[in-house]
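Visitor: coords below, sequence missing:
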């Protein structure tokens, strides 16, 4: 995949294995913010898990020039979290995270612009995001961006997912590509 440019002047490109240390820093920064907000905290992701996403071309960087302002991952199916809602017709956005020191408010706008372009190019129905059901502020933020809550799903034990997903209820949000 090549670098994609958006009118917001930020660019999205596929992460590489050479980005591993920087990706780890971004995830650590995200965990620090989650702790400060009293939110559920992501676990430390293994190098193997990060490198597998990179190898599958599912982990992306958002850059301003040569500076990484954030990262995110995508999936094109997510039955483990979405269960009976899964239709194989969406791009699933996961772990949108801001880089340490970045104050760029355009990160999520850039991710969504990229995802809308990718969604239309692939002929998919829309975008999906999930978050912990108890994260009312983030759910409201996604709703202001045009996402609608389409359901909630509690995941007990599912061996397709890391342990930190077990026993958690998720809010499931989606929007169409055209919206």
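Guide: Arrived safely, thanks for sending. Note that the structure is a prediction, hence the values are computed from the model and not measured.
Visitor: quick one: which helix or strand includes the residue positioned nearest the centre of the chain?
Guide: Of all residues in the chain, the one closest to the mean position by C-alpha atoms, centre = their mean is residue 94, 2.2 Å from it. Using DSSP states H and E, residue 94 sits in strand 90-98.
Visitor: what sits up against that strand?
Guide: With C-beta atoms under 8 Å, 6 or more residues apart in numbering as the test, strand 90-98 has contacts from 26-27, 29-30, 33, 42, 69-78, 82, 104, 107-108, 111, 115, 118-119, 122, 124-130, 174. From N, CA and C alone the C-beta is placed, and that goes for glycine too.
Visitor: where's the residue nearest to the centre of the chain relative to residue 45, distance?
Guide: Taking C-beta to C-beta, to the nearest Å as the measure, residue 94 falls 11 Å from residue 45.
Visitor: continuing past the strand holding residue 94, what's the next helix or strand?
Guide: Following strand 90-98 in sequence order, the next helix or strand is helix 107-122 (DSSP H and E).
Visitor: other SSEs contacting that next one?
Guide: strand 11-14, strand 59-64, strand 67-75, strand 90-98, strand 126-132 (3 or more C-beta pairs under 8 Å, 6 or more residues apart in numbering; DSSP states H and E).
Visitor: what lines up beside the fourth one in the sheet?
Guide: According to DSSP bridges, strand 90-98 forms sheet pairs with strand 67-75 (antiparallel), strand 126-132 (parallel).
Visitor: ok so, going back, for residue 157, find the nearest of the helices and strands packed on helix 107-122.
Guide: Closest of those to residue 157 is strand 126-132, at 17.0 Å (criterion: C-beta to C-beta).
Visitor: Okay, buried residues for the closest one please.
Guide: By 16 or more other C-beta atoms under 10 Å, the buried positions in strand 126-132 come out as 126-131.
Visitor: pLDDT averaged over that strand - what is it?
Guide: Average pLDDT, strand 126-132: 94.
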